[in-house]
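Undergrad: Requesting a structural model of the entry that follows:
(chains A, B and C)
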Amino acid sequence: MGEILVAKGLSKQFGGLQAVADLDLDVRRGEILGVIGPNGAGKSTTFNMIAGALAPSSGTLVFDGKDLTGLPAHAMAARGIIRTFQHNKPFASMTVRENVMVGMHLRLKGSLWRVLLAGTGAVRAEREAVQRADELVAFVGLGDCRDADVDTLSFGQGRLLEIARALASEPRLILFDEPAAGLTLAECERLTDIIRQIAQRGIAVLLIEHDMRFLMALADRVVVLNFGRKIAQGTPAEIRADDTVVQAYLGDLGAMAHA
Amino acid sequence: MSDFFELIVGATASGCIYALVALSYLLITRPTGVINFAVGEWAMVAAFGGFLTLSRFELPYPVGMALVLALMIGVGWLTERIAVRPLVEKGAPPLAPILALLGMLVVFREVVSVGMGPDPQPVPPLFGYGRLELGLLAGSYQSFFIIAVTATVFAAAWYFFERTLAGRSFEAVAIDRRAAALMGINLRRVTALAFAGSAGVAAMAGLLVSPNVSAHYLMGLPLAIQGFTALVIGGVGRVEGALLGGLILAIAEQFTVRYAPIPPGLAQGVPLVLLIAFLLVRPTGLLRARESRA
Amino acid sequence: MKSIAGFLVAALVLSAIAFMLGSYHTDVYRKLLLWITLALGYNFLFGIAGQVAFSHFTFYGIGAYAMVILLFQVGLPLPLAILAGIVVCVVLALVVAIPATRLEGFYLALATLAFAQLFIVVLNEGGSVTGGPGGLANYRLPDILGVRVTGPWYTVVIVFLLLGTLAILWRLDRSWFGRACRAVRDDPQAAQAMGINVNTTRIVAYAVTSALAGVAGMVYAFVDNTVNPPIFGLENSFLLLFMVIVGGSGRHAGAIVGAILLYLLPFFLSPLIGHHHALVFGVVMVAVVLFQPKGLIGIWDHLTARRRMAP
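TA: Numbers count the residues shown, from 1 in each chain, chains lettered A, B, ... in the order given. Below is the predicted model of the structure:
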């Protein structure tokens, strides 16, 4: 199978509220899976469970054959599941390049003794890291801003930085949290391009999004959630024609009109 | 047995002092999120104010107290104006005002040390040095005075927060700063009021405790730590928490000194150990802050 | 290669100075070097790792007392005492680090403040082990292989302590670990998402810097040949904080500048304000926080129009 992530029976309860119930979901290598649904459908909760920010109340998460259910965020990241943040969260005291280098933490990290004792080995690793960071920064189109302090970036540029930083961790599954939110039309087009290229490299992509036009044009497959449950799954064309989906969105006519 | 009740009265009086210091923190922390380490020094300055007005110039007690309170409220307002407002308006990180206030702590202490010298100075108690016996409970006049004043202050604080518009605006700012501003609450005024009020309460603590311990330029920091411990124990979000925490701390402290088979010096460690224990196990304190009401 | 040469030159120059000073200035110089060492460590903990802790000077005291107690009360030979002292510092640093780093910002400050006070209480009540309020005195560094290390030669020891501490912190700072510390400081949630174990990072930063402070304390024990509770009180912890902030938080150069300035300033100001140098520190501290939050090093950067590598 080409699935890299298989979620079965995923559920999350907050006190009396069932945010997600019995969700089955899978993502294949190199595919772009979109997750949509009206407000409160459980998209963010699902996202956070896969990312390790929330532990599921029940269900399993199997990634590349290994059970990762309930692992914390940094452990998920260590296994190749990397997420971005909807409200950009750059490291404010660093430059663009340095931010991306933090993304390489998992690759660069080693024994502290080696840091203290090793001379040339560590220096070389740092130099290579800088080069790789510059490549990623150029890939997302921020090449001119390499040395800029992140507080000088525009919102759209900050979003690109999020992506570059996420890519630095060499993810096998990348989770995008409403990546188009707050972007101009031109920025959305660039984003679409970047995400397509990421998928072409064999990295699985899962994205939740409200911007229907953006998502339907980009996704290979779409999963629709409502009230914490999956109500439909299929290609964008199939979803557009699906009655239950239209019903779910009747309270959100504006969104469906753009789909 | 009467010994026991005497201890209760004394401990309650100490607890009231801690509670006042805790309330002083609370008044600033709730609406602004700033932790003001300098409250202890405010109490210390007020204690010296008491010394000057009551011992040196021998003014009548109510006059002296009122003068010191008025002065300290002004000092509180001024502190906010100098050390906090410019930072908030500049958009400085939350740590900045705390650091500035730490610097002010040192400034206050040194100014007093330069002006008044390193020796402790006496402050006379309002009702003299006599004892009062109310049934089983017995203690010095000062102890009962402290308890009475603290009860009044806390009742006033409770009333302020629960029943007055100004107090509700404090709560609103504490819950959601931006929303409060959008609803027309004047953030600047709230902050200034918070600092002024806090200084007034701290001044009260300083005036009440100094007859027992004398005014001394180093008395600020231990008081600040005890006050903060009281706040952590009782609950960081509630006025009642300050009172509860202060009483628990004082009772634990005094009863350990009296009845536990450990040397008295080591008993000084009791509040510190309690603080560390609470921080590790239950940092929000015993009483939960009220959730935002719909 | 360049940096090793740099360190050697610094070692030579700083040591040479030691041989040129009379006994009064030697004392000032030694204490200055020790304060710089402490400020460097505290700068890493507070400025780079972002932990607001008041326990740094306490570990200095722990190291000093441990050294004296191990040598003269437990009676260990010098090499063993040094080893045991380092072990004590590291173990205690870890023991405190593990619960302490679970506390966020302000709570950590408070807990370490309480810890610092508690240390003083323990010292005062320690009876004959700690020498109580009077502390321990009338001892001196035992001969090493028949050689008495005193005077400028002991100052050289302090020089190496300083440069060793600087080397360790410099290396750590410019590695993935330093970046991880800054990331955790700036945004712990984002750091987690990058695979950084926030807890472990905090613990290591706290433990390493505290242990370094402890080792500095071990060296300090033979500077005045006396250790007593007032030396290690909270006042000096505040002074450390002021040094780092005034010099420029997060920068090694800032720590050095801040330590030199605030340590030497009282000597120049004493004709004017006697013992009340703390007043000047307080005012300078408030002024720096209000007007130049990047510290003195920020002014220097501005003047040289140099963009910093890692703030």
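
Undergrad: now the end-to-end length of stretch A:111-124.
TA: Counting by C-alpha to C-alpha, to the nearest Å, you get 16 Å between the two ends of stretch A:111-124.

Undergrad: Give me the contact list for that stretch.
TA: The contact list for stretch A:111-124, computed with C-beta atoms under 8 Å, 6 or more residues apart in numbering or on different chains, reads C:168, C:171-172, C:175-177, C:204. Yep, even glycine has a C-beta here, placed from its N, CA and C like the rest.

Undergrad: of these, list those near chain A.
TA: Filtering those for neighbours of chain A using C-beta under 8 Å from any C-beta of the partner chain leaves C:168, C:171-172, C:175-177, C:204.

Undergrad: where does the stretch 51-200 of chain C come near chain B, residue by residue?
TA: C:52, C:99, C:102-103, C:105-107, C:110-111, C:113-115, C:117-118, C:121-122, C:124-125.

Undergrad: ok, now which ones touch residue 171?
TA: Went with chain A since none was named. Per C-beta under 8 Å, 6+ apart, neighbours of A:P171: A:80-82, A:203.

Undergrad: Sorry, I should have been clearer: chain C.
TA: C:R171 touches A:115-116, counting by C-beta under 8 Å, 6+ apart.

Undergrad: Provide a complete list of residue ranges assigned to strands in the stretch 101-250 of chain B.
TA: B:131-134, B:137-140 (DSSP state E, counting those that start in this stretch).

Undergrad: Indicate which one of those is closest to chain C.
TA: strand B:137-140 (27.4 Å; C-beta to the nearest C-beta).

Undergrad: The closest one: partners in the sheet, and parallel or antiparallel?
TA: strand B:131-134 (antiparallel) (DSSP bridges).

Undergrad: could you dump the strand it pairs with to PDB, C-alpha only?
TA: Provided in PDB are the C-alpha atoms of strand B:131-134 (Å, rounded to 0.1, in the frame of the first residue of the first chain):
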ATOM      1  CA  ARG B 131      -3.200  43.300  76.000                       C
ATOM      2  CA  LEU B 132      -6.800  42.500  75.200                       C
ATOM      3  CA  GLU B 133      -8.700  39.400  76.300                       C
ATOM      4  CA  LEU B 134     -11.900  38.400  74.400                       C
END
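
Undergrad: What residues sit buried inside it?
TA: Residues of strand B:131-134 classed as buried by neighbour count (16 or more other C-beta atoms under 10 Å in any protein chain shown): none.

Undergrad: For the helix or strand encompassing A:V130, what is the distance to the chain centroid?
TA: Here A:V130 sits within helix A:120-139, counting by DSSP states H and E. Taking C-alpha atoms, centre = their mean, to the nearest Å, one finds helix A:120-139 lying 23 Å from the centre of the chain it belongs to.

Undergrad: Kindly report the same for stretch A:115-133.
TA: Put simply, stretch A:115-133 sits 28 Å off its chain's centre (C-alpha atoms, centre = their mean).

Undergrad: Go through that stretch and flag the buried ones.
TA: By neighbour count on 16+ other C-beta under 10 Å, the buried set for stretch A:115-133 is A:115, A:118, A:122, A:125-126, A:129-130, A:132-133.

Undergrad: Could you dump these into a markdown table and include distance to A:A148 and pLDDT?
TA: A markdown table is the format used below for those (distance: C-beta to C-beta, whole Å; pLDDT from 0 to 100):
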| residue | distance to A:A148 | pLDDT |
| --- | --- | --- |
| A:V115 | 27 | 78 |
| A:A118 | 31 | 66 |
| A:A122 | 26 | 75 |
| A:A125 | 24 | 83 |
| A:E126 | 20 | 85 |
| A:A129 | 18 | 91 |
| A:V130 | 15 | 92 |
| A:R132 | 18 | 93 |
| A:A133 | 13 | 93 |
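
Undergrad: what two of those residues have the greatest distance between them?
TA: Greatest spatial distance among the buried residues of stretch A:115-133 (C-beta to C-beta): A:A118 and A:A133, at 20.6 Å.
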